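> Need the 3D shape of this:
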Amino acid sequence: MAAEDPSVSGVSGRYATALFELARDEQSVDQVRADLDKFEALLNESADLKRLVRSPVFAADAQLKALTAVLDKAGIVGTSAKFLKVLTANRRLFAVADVIRAYRALVAKFKGEATAEVTVAEQLSDKNLDALKAALKSVTGKDVALNVKVDPSIIGGLVVKLGSRMVDSSLRTKLNSIKNAMKEAG
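As a prediction, this is how the structure comes out:
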């Protein structure tokens, strides 16, 4: 399965594939995805956790002890917790972000979903998210999972990346186009 998808390769792809196959056999694919999403959110919020994950300075046992405390506090248990501990014991925790991304790709393929990277200027309401999902589903014919990133620098509008396609309807891009048109005219 991993060989069919170029985004799921290397060390992170092998770990993600192993986790996916285990989760599929245990019928816990969605639970593992939710746990990994929760861990990724913790990682994005905490500079200390990022340092723990990425730094080779920490000994494996110290890293494992700290990770266990984080997982317990976050309520991440079962297959997901065991998997993250195996990554730590094998000194591969630095690759966890790539493993999570690869796992998501495997789940999306398994469920017949597509994943869109969406950048917005401010957080979208549930109503707007549902409308965006519906619009993307009508284009792709698949259910679309959204990875939403907030970037105030785009000023307004949104940027959607779906597979090899990208639609940039951000206000920043439109203003830059106007600015370039005015330079050419003047």
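
> alpha carbons only for contacts and neighbour counts from here, please
Noted.

> who touches residue 99 in this structure?
By Cα atoms under 8 Å, 6 or more residues apart in numbering, the residues touching residue 99 are 12-13, 15-16.

> contacts for the least confident helix or strand in the chain by mean pLDDT?
Within the chain, judged by mean pLDDT, DSSP states H and E, the helix or strand with the poorest mean is strand 143-150; its value is a mean of 88. Contacts with strand 143-150, where a contact means Cα under 8 Å, 6+ apart, come from 108, 112-123, 133, 136-137.

> Please name every helix or strand in contact with the helix or strand encompassing residue 43.
Assigned by DSSP states H and E, residue 43 belongs to helix 29-45. If contacts are counted by 3 or more Cα pairs under 8 Å, 6 or more residues apart in numbering; DSSP states H and E, helix 29-45 sits against helix 10-26, helix 47-54, helix 78-89, helix 96-111.

> try it again with 10 Å
helix 10-26, helix 47-54, helix 60-74, helix 78-89, helix 96-111 (3 or more Cα pairs under 10 Å, 6 or more residues apart in numbering; DSSP states H and E).

> re the thing from before, CA atoms only: put the least confident helix or strand of the chain into CSV for me.
Output of strand 143-150 as CSV, limited to C-alpha atoms (Å, rounded to 0.1, in the frame of the first residue of the first chain):
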residue,chain,number,x,y,z
ASP,A,143,-15.5,13.3,0.9
VAL,A,144,-12.9,15.9,1.6
ALA,A,145,-11.0,16.2,4.9
LEU,A,146,-9.8,19.8,5.6
ASN,A,147,-6.5,20.8,7.2
VAL,A,148,-7.2,24.4,8.0
LYS,A,149,-4.4,26.8,8.8
VAL,A,150,-5.0,30.4,9.9
